[in-house]
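1. Show me how the following folds:
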Amino acid sequence: MSNQKFSKNKRVEEVDDELMTDSINLGPTVSLPFRSSGPSSADRRHVPLGMFANAGPAPAAAAAPAPVASNPPCSASVQLVSDMIDRKVPVPKALLDGMTRVEKVAVKPALLAHASVMSVDPAKKEFLLASSVDMLQVDMVDVQEELFKGMGAELNESLLENRADIVENRADINDHDERIEQLEEENEILKDEVRELKNEVRKVKNEVRELKATVSKLVAALQKCGVCLDEEEKEEL
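-> Reported below is the predicted structural model:
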């Protein structure tokens with residue numbers, strides 16, 4: 001048991017050394033409380049908090065607040081949080097939120113989501129899922145912008161095509177209107193010709209009636225003179 005504690009303490013010291021080599025001022029440390037499912041209070045660990053803002057008030061003994069790191073948390077910080085979760089050591093929320101900024105640069109959201117699904121530890125699952133969701137929200141903004149740009153280009157292209165179709169349709173409509181006007185003029189001409197033909201037919205009918213009347217008078221005059229015409233002769237007249 002003592003060897004296990006020694007190895008764990010040694011790992012924390014190694015990670016702390018790695019953080020210091022990255023020129024990050026870690027500032028003061030605090031003792032992290034355990035959750036109900038974690039180890040006893042006798043097995044607490046000390047975790048550096050100076051790398052993240054709003055991690056909690058500094059002890060009264062500190063003369064000045066620790067300076068904020070100019071560079072983002074290094075990969076050793078990510079490994080530190082992962083090791084703490086694997087060893088059931090509670091990690092403050094401020095530390096987890098800070099790790100999210102690191103994951104945005106180093107890890108794809110799909111990998112984080114997959115790791116969250118495969119993880120059995122609730123704290124690690126929550127950390128990975130929160131990181132992936134936060135990253136996806138940033139990616140979705142970029143996707144929406146690209147989609148909007150793409151849709152705008154497609155919309156402009158569609159509008160240009162529709163305008164071209166409208167111009168072509170208007171030209172066809174104008175051609176059809178001209179053709180309709182031409183047909184209407186031809187129809188009026190045909191109507192005039194039909195009216196003239198009807199007038200000619202009426203004239204011919206009147207002439208036929210006049211001829212029939214003349215023939216009837218001629219037959220009557222011949223009969224008075226004693227000349228009788230048979231039916232064939234009447235038809236010839």
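
2. What is the burial count for residue 126?
-> 15 (other C-beta atoms under 10 Å). The C-beta positions use only the backbone N, C-alpha and C, and glycine is treated the same way.

3. Shouldn't it be within a helix?
-> Yes. Per DSSP: H, G, I helix; E, B strand; the rest coil, residue 126 lies within a helix segment.

4. Quickly note the distance from it to residue 212.
-> 118 Å (C-beta to C-beta, to the nearest Å).

5. And residue 202, by the same measure?
-> Taking C-beta to C-beta, one finds residue 202 at 16 Å from residue 212.

6. ditto for residue 192
-> Relative to residue 212, and taking C-beta to C-beta, residue 192 is found at 31 Å.

7. for stretch 168-179, what is the average pLDDT?
-> When pLDDT is averaged along stretch 168-179, the result is 88.

8. Enumerate the positions of stretch 205-223 that are buried.
-> Buried residues in stretch 205-223, counted by 16 or more other C-beta atoms under 10 Å: residue 219.

9. Could the C-alpha coordinates of that stretch be exported in PDB?
-> Below are the C-alpha coordinates for stretch 205-223, written out as PDB (Å, rounded to 0.1, in the frame of the first residue of the first chain):
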ATOM      1  CA  LYS A 205     -81.100  33.300-105.100                       C
ATOM      2  CA  ASN A 206     -82.900  36.400-106.000                       C
ATOM      3  CA  GLU A 207     -82.000  36.100-109.600                       C
ATOM      4  CA  VAL A 208     -83.100  32.400-109.600                       C
ATOM      5  CA  ARG A 209     -86.500  33.500-108.100                       C
ATOM      6  CA  GLU A 210     -86.800  36.200-110.800                       C
ATOM      7  CA  LEU A 211     -86.000  33.700-113.600                       C
ATOM      8  CA  LYS A 212     -88.600  31.200-112.200                       C
ATOM      9  CA  ALA A 213     -91.200  34.000-112.200                       C
ATOM     10  CA  THR A 214     -90.300  34.900-115.800                       C
ATOM     11  CA  VAL A 215     -90.600  31.300-117.000                       C
ATOM     12  CA  SER A 216     -93.900  30.900-115.300                       C
ATOM     13  CA  LYS A 217     -95.200  34.000-117.100                       C
ATOM     14  CA  LEU A 218     -93.800  32.800-120.400                       C
ATOM     15  CA  VAL A 219     -95.500  29.400-120.000                       C
ATOM     16  CA  ALA A 220     -98.800  31.100-119.200                       C
ATOM     17  CA  ALA A 221     -98.500  33.300-122.300                       C
ATOM     18  CA  LEU A 222     -97.900  30.300-124.500                       C
ATOM     19  CA  GLN A 223    -100.800  28.500-123.100                       C
END
